[in-house]
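Colleague: Have a look at this prediction, sequence included:
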Amino acid sequence: MNKTWLRGLTHGLTGLTVIAGAVACNTENITTANRNPNSPTSAPAGALFTSATAAAVGRWVGFGGPAIIIQQIANTTYPTADSYISLQADGTTGTFNGPYNNDLQDLRQVISKGKAASAPGIYGPAMVLQTWDFSYLTDYFGDVPYSDALKADSGVVAPKYDAQKDIYAGFFATLKAASDAMGGATAGSAGLGTADPIYGGDLAQWRKFANSLRARYAMRLVNVDPTTADAELKAAFTDAGGVFTSNADNAKLAWPGDGVSDNPFADVLKTRDDARLARTMTALMANDPRIKVYGQPVVDSSAYPNGYGGMPAALLQDSANVWYRKASRPGLVFYPGVTSYGTFGTSAGLSFPSKLMTYAELMFIRAEAAERGIGGVPHGEAAADYYAAIQASMAQWGVTDASAIAAFMAQPSIVYQGGTAGLKQIATQKYIALFGDDGQAWAEWRRTCTPVIVPGPSTIVPYIPRRYYYSTTEASVNATNLNAAIARQGPDNFGTRVYWDTKPTAAPTCQ
């Protein structure tokens, strides 16, 4: 694939933006514009798709607010992140507004242009990526504009908020339609080609991604709508387009790393040195060889004689400062060379791929389906799928030491136990494997209550946030629809649960 595809584009990401999850996006009125000024409507479909991919992946995949919330990453310098202060509405308005102003709008145009040209090779991938993009929005906020969104040019300047249940139903329908359309594309028909920075226009790969996403969203509903979860899992696993079957299928964006289009997290770490691994995650990684990829050796080994470990989350400022040298920095694969602080990584960190979904995640979904007896996956496959998921995660992160992997897999805490204990093992290992895709890790934690996470002493609420606050601009430009969503969903605060998170007692892992 041509890796110059992003040259000249900008990320729009700042340091605190990625660490705290408050993405620096255009916060203009999404309900009266719905138009990206950087992507004119006359732009070719390929250019729009490339731009939308960079914007969406740069926003959602990395280490934003969810990484702080679920304690995969902690902060030594800025307590506003760990305490959730910067995750309130004034800090996350851009996270809500940005997709509507930019990537979702660009993808709408790609879909329109592709359908006008009867080219499923153009509109099919855009339908899949737009669904992936929308999924983060709804999982962060709950009810959001969906069916009425992106229609300002048709006169819809105050879009209604769809119930998340209906949004998920839309996901399943769209992904099926996209897979079917791409399956019917004729040889030599128009496609995205090198303008597609994920699969280079390979529609067979996009169909696998569409069906794997369908499985992800089906499992997300298992506590509130097990019938739909079962049916959609079966549909995903039996679709003619298939699902991921190896790491070669992983949906990922490899950044050029040319100083213009860099891995967003590495780009942040060029100028700051306050991110550290969090103890909640590293405590689960006893003898886990991935720890040497996820983190770097500590400078001061007084807390961790074995050289790797994380800091407690959400400490008060004075307590946080002492962990600057005692906790592991993010790994070499994330950290670029940082001349202002010393060299903590290499330039390779700037081109480290951002992963939209992986084979490891798909296998954890299969393992859970097998253990639950749903999705048409034989119950007896649970253990094998669980082990395959861990092995895939190891390979994905470049861990090749067979003896270290074998020693890790032989630990009593890792050997598959089955039943509720097995579901907790699946959830724990999935949490670890999703490092780098913190939005998905946060969603899985909310669904499974695994691992156990306790708020730190500096948090402004005595619980782990279940969602983000809505955009501050919506209160002034779309108040009627916003208020209707709040009345239906619950108060606009950290404690209100999104639809698929409303029945925690139905989850065996939450008991």
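Modeller: Perfect, I can see it now.
Colleague: Pull the helix or strand where Glu444 lies out as PDB, backbone CA atoms only.
Modeller: Here Glu444, judged by DSSP states H and E, is contained in helix 438-448. C-alpha atoms of helix 438-448 as PDB (Å, rounded to 0.1, in the frame of the first residue of the first chain):
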ATOM      1  CA  ASP A 438      -9.400   2.300  24.900                       C
ATOM      2  CA  GLY A 439     -12.900   3.100  23.700                       C
ATOM      3  CA  GLN A 440     -13.600  -0.600  23.100                       C
ATOM      4  CA  ALA A 441     -11.900  -1.500  26.400                       C
ATOM      5  CA  TRP A 442     -14.100   1.000  28.200                       C
ATOM      6  CA  ALA A 443     -17.200  -0.400  26.600                       C
ATOM      7  CA  GLU A 444     -16.200  -4.000  27.500                       C
ATOM      8  CA  TRP A 445     -15.500  -3.000  31.100                       C
ATOM      9  CA  ARG A 446     -19.000  -1.500  31.400                       C
ATOM     10  CA  ARG A 447     -20.600  -4.600  29.900                       C
ATOM     11  CA  THR A 448     -18.600  -7.200  31.900                       C
END
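Colleague: Rounded mean pLDDT for the next helix or strand after that helix, please.
Modeller: Counting by DSSP H and E, the next helix or strand C-terminal to helix 438-448 is helix 474-477. The predicted model assigns helix 474-477 a mean pLDDT of 94.
Colleague: Tell me how far helix 474-477 lies from the chain's centre.
Modeller: Its chain's average C-alpha position is 27 Å from that of helix 474-477, according to Cα atoms, centre = their mean, to the nearest Å.
Colleague: Any buried residues in that helix, and which?
Modeller: Going by neighbour count (16 or more other Cβ atoms under 10 Å), the buried part of helix 474-477 is Glu474, Val477. C-beta: built from backbone N, CA, C; applies to glycine.
Colleague: Name the spans of the stretch 51-200 of the chain whose pLDDT lies under the cut-off.
Modeller: For the stretch 51-200 of the chain, no stretch has pLDDT under 70.
Colleague: quick one, strands of it?
Modeller: With strands called from DSSP state E, counting those that start in this stretch, the stretch 51-200 of the chain shows them at 73-75, 144-145, 161-162.
Colleague: Nearest to Phe435, out of those strands?
Modeller: Closest approach to Phe435 among these is made by strand 73-75 (9.0 Å; Cβ to Cβ).
Colleague: which neighbours does the closest one have in its sheet, and in what orientation?
Modeller: strand 275-277 (antiparallel) (DSSP bridges).
Colleague: now the partner strand: how far from the chain's centre is it?
Modeller: Offset of strand 275-277 from its chain centre (Cα atoms, centre = their mean): 18 Å.
Colleague: again, but for stretch 378-395
Modeller: Centroid separation for stretch 378-395 versus its chain: 21 Å, with Cα atoms, centre = their mean.
Colleague: now swap in stretch 254-261 and tell me
Modeller: From the chain centre to the centre of stretch 254-261 is a distance of 20 Å (Cα atoms, centre = their mean).
Colleague: start to end distance for it?
Modeller: 10 Å (Cα to Cα, to the nearest Å).
Colleague: per-residue confidence averaged over it?
Modeller: 91.
Colleague: Give me the next element, helix or strand, following the strand or helix carrying Ser393.
Modeller: Using DSSP H and E, Ser393 sits in helix 382-396. Tracing the chain C-terminally past helix 382-396 and defining elements by DSSP H and E, one meets helix 402-409 next.
Colleague: Touching, Gly331 and Gln296? I think so.
Modeller: Yes: Gly331 sits in contact with Gln296 when judged by Cβ atoms under 8 Å, with a separation of 5.9 Å.
Colleague: Next, the angle from the helix of greatest length in the chain to helix 438-448.
Modeller: In the chain, assigned by DSSP state H, the helix with the most residues is helix 120-141. Orientation check (axes from the mean of the first three to the mean of the last three Cα atoms, to 10 degrees): helix 120-141 against helix 438-448 gives 60 degrees.
Colleague: Which residue, neighbours along the chain excluded, lies closest to Met219?
Modeller: Excluding its sequence neighbours, the residue lying closest to Met219 (Cβ to Cβ, 6 or more residues apart in numbering) is Ile365, at 5.2 Å.
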